[in-house]
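[1] sharing a model that was predicted from the sequence below.
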Amino acid sequence: MEKETDSINNEIVEVETSVSKVLQHRTDDYEYAREVLYVASEKLQDILDSAVQLAQESEHPRAIEVASNSAQTLADVAGRLMDHHLKTNKMNGQLESEKNVTNNNLNVKLNTKDLLELLGKE
C-alpha cells in the first residue's frame, strides 16, 4: 500500500513539473512573440515616417502608394498584437465567459381580420 502511495505521489510530482514547464514555455513564447511584434511595429513606424516624408517632398504617386501601404501594414501589425493578447488571455482563462443572450421572439402571421379581432374592432 505504501509503495502505491509513493508511486502515485511520484506521478503527481512528475505531472506538476510537466505542467509547470509547459506554462513557462507558453509564457516565454508569449513574451517573445509580443517582443517581435513590438520590434516590427517600431521598424514599420520608422519606414512610414520616411515614406511619408518622401511622398510629401516628391508628390510622386508611387511614393504616396508606398506610404499608404506602410500605414496599412503598421495597422495590421497593431491588430495582430491585439489578437495575440486576446488569444493569450483566452488560453490562460482570463477572459470573461461569453454571456449567452436568448431572445424569445414569437413570429405570428396575422391577416387584417385576425388583427382587428385581437383589437376588438371588428
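    Received, thanks.
[2] using CSV, list the CA coordinates for the helix or strand of the chain with the lowest mean pLDDT.
    Lowest mean confidence among the helices and strands of the chain (mean pLDDT, DSSP states H and E): helix 112-119, at a mean of 74. Output for helix 112-119, consisting of C-alpha atoms alone and laid out as CSV, is shown next (Å, rounded to 0.1, in the frame of the first residue of the first chain):
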residue,chain,number,x,y,z
THR,A,112,-56.0,42.1,-41.1
LYS,A,113,-59.2,40.3,-40.0
ASP,A,114,-57.3,38.5,-37.2
LEU,A,115,-55.6,41.6,-36.1
LEU,A,116,-58.9,43.5,-35.9
GLU,A,117,-60.4,40.6,-33.9
LEU,A,118,-57.5,40.9,-31.4
LEU,A,119,-58.0,44.6,-31.1
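[3] shaky segments in this structure?
    Within the chain, the stretches falling below the threshold (pLDDT under 70) are 1, 94-110, 121-122.
[4] show me where it has its helices.
    With helices called from DSSP state H, the chain shows them at 2-58, 61-91, 112-119.
[5] winner for burial among the ones you listed?
    helix 61-91 (a mean of 14; mean count of other C-beta atoms under 10 Å). C-beta: built from backbone N, CA, C; applies to glycine.
[6] tell me the angle that helix makes with helix 2-58.
    Between the direction of helix 61-91 and that of helix 2-58, the angle (axes from the mean of the first three to the mean of the last three C-alpha atoms, to 10 degrees) works out to 160 degrees.
[7] who does helix 61-91 touch, helix- and strand-wise?
    Applying 3 or more C-beta pairs under 8 Å, 6 or more residues apart in numbering; DSSP states H and E, we find helix 61-91 packed against helix 2-58.
[8] other SSEs contacting the helix it packs on?
    On a contact count with 3+ C-beta pairs under 8 Å, 6+ apart, helix 2-58 meets helix 61-91.
[9] how far is the helix it packs on from where the chain is centred?
    Taking the mean C-alpha point of helix 61-91 and that of its whole chain, the gap between them comes to 13 Å (C-alpha atoms, centre = their mean, to the nearest Å).
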